[in-house]
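Trainee: how would this look folded up:
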Amino acid sequence: MALFSEASPTLTVGEIADRLHLPRSTAYRYVGALRAHRLLETAPDGDGFRLGTMILELAATMSRKPLREVAYPFLEQIAHETGETVNLCGLRDHVGVCLEKVDGTHALRVAHELGDTYPLHAGATGKAIYAFLDPDEQRAILEDIGLPRITDTTITRISDLRAELKRIRANGYSESRGESLEGTHGIAAPIFSPTGRVIASIGASVPRHRAVGQNRERIIGLVLEAAQSITEGLNAQEVRET
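Mentor: Okay, here's the model as predicted:
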């Protein structure tokens, strides 16, 4: 990445090969791998490549509060107000991962543990991320992971998944009815980076019998409000640095 500078913000594959003393075929492979991870992107005029959005996001995080630090007070608030367990989840190698959680106060609690991974299509926190990914990334995940059945209510048909993701985008939040953990009801909303990319989700995991009526509506409202506040907090850091 040190090849790029203010004087040379854009480089062709040939220029990259020459500066690294590599065969062009090798340089093409390197560029392809870096593009796949959004570390490089095609220049706006189509002539060469420039640093990608992932580089900018990684650089920016060095001077910002980590996502977990920004999100944690909101996890605590929802857990305190509802008594339910609240999770912060992210995306890792095409699967969801539990990044942080705050346990509820009810005797009966249900949730993933820290570090647990799971298919995005199976659960509210995963679907809240899945729905807002770029279509190409959605297809790549589907080809890689598929739609394995976790419980009797897990989505296993592509047509059902597409309809569900469309509904989530329209509502701004997702729900899961025991799709990952039987007997549970999940409610989650997406969190976005300053560049507008979905990077995580916040969700409450509730025993099915408590996810009804006004209690369900209240949790939906709290989760949506928290997701928006976390996103705004991440964006506020961006504004202060510019």
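Trainee: Now do Gly178 against Phe192, distance only.
Mentor: Counting by Cβ to Cβ, to the nearest Å, the separation of Gly178 from Phe192 is 28 Å. No exception for glycine: its C-beta is placed from N, CA and C like everyone else's.
Trainee: and Arg177, what are its bridge partners?
Mentor: Arg177 has the following beta-bridge partners by DSSP bridges: His185.
Trainee: wait, it sits on His185?
Mentor: Yes. Between Arg177 and His185 there is a contact at 5.9 Å, judged by Cβ atoms under 8 Å.
Trainee: Residue ranges in this protein under the pLDDT threshold?
Mentor: In the prediction, the chain carries residues with pLDDT under 70 at positions 1-2, 6, 56-65, 106-112, 237-242.
Trainee: State which helix of this protein is the longest.
Mentor: Longest helix in the chain, counting residues (DSSP state H): helix 213-241.
Trainee: what's around Tyr130, how many residues?
Mentor: Residues lying near Tyr130 (other Cβ atoms under 10 Å) number 26.
Trainee: tell me the phi and psi of it?
Mentor: phi -50, psi -40 (degrees, to the nearest 10).
Trainee: What is the burial count for the residue nearest to it when sequence neighbours are not counted?
Mentor: Leaving aside its chain neighbours, Tyr130 sits nearest to Leu120 (4.1 Å; criterion: Cβ to Cβ, 6 or more residues apart in numbering). Neighbour count of Leu120, defined by other Cβ under 10 Å: 26.
Trainee: which SS class is Cys98?
Mentor: Recorded secondary structure, Cys98: strand (DSSP: H, G, I helix; E, B strand; the rest coil).
Trainee: which residues sit in contact with it?
Mentor: Cys98 makes contacts with 87-89, 111-117, 125, as judged by Cβ atoms under 8 Å, 6 or more residues apart in numbering.
Trainee: Would you mind giving the residues you listed as TSV with secondary structure, neighbour count and distance to Leu40 added?
Mentor: Compiled in TSV, these are given as follows (DSSP: H, G, I helix; E, B strand; the rest coil; neighbours: other Cβ atoms under 10 Å; distance: Cβ to Cβ, whole Å):
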residue	secondary structure	neighbour count	distance to Leu40
Asn87	strand	28	33
Leu88	strand	27	29
Cys89	strand	28	28
Ala111	coil	23	38
His112	coil	23	34
Glu113	coil	8	36
Leu114	coil	12	33
Gly115	coil	9	30
Asp116	coil	15	32
Thr117	strand	14	27
Thr125	helix	34	30
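Trainee: how does this protein divide into domains?
Mentor: Under the assignment automatic domain parsing, the domains of the chain span 13-61, 67-241.
Trainee: what's the most buried one of these?
Mentor: Sort those by mean neighbour count, taking mean count of other Cβ atoms under 10 Å, and domain 67-241 sits at the top with a mean of 18.
Trainee: mind putting the domains of the chain in CSV, distance to Phe4 included?
Mentor: Below are the domains of the chain laid out as CSV (distance: least, Cβ to Cβ, whole Å):
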stretch, distance to Phe4
domain 13-61, 5
domain 67-241, 18
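Trainee: Looking at the ones you listed, which is nearest to Ala7?
Mentor: Taking Cβ to Cβ as the measure, those were each checked against Ala7, and domain 13-61 came out nearest at 12.5 Å.
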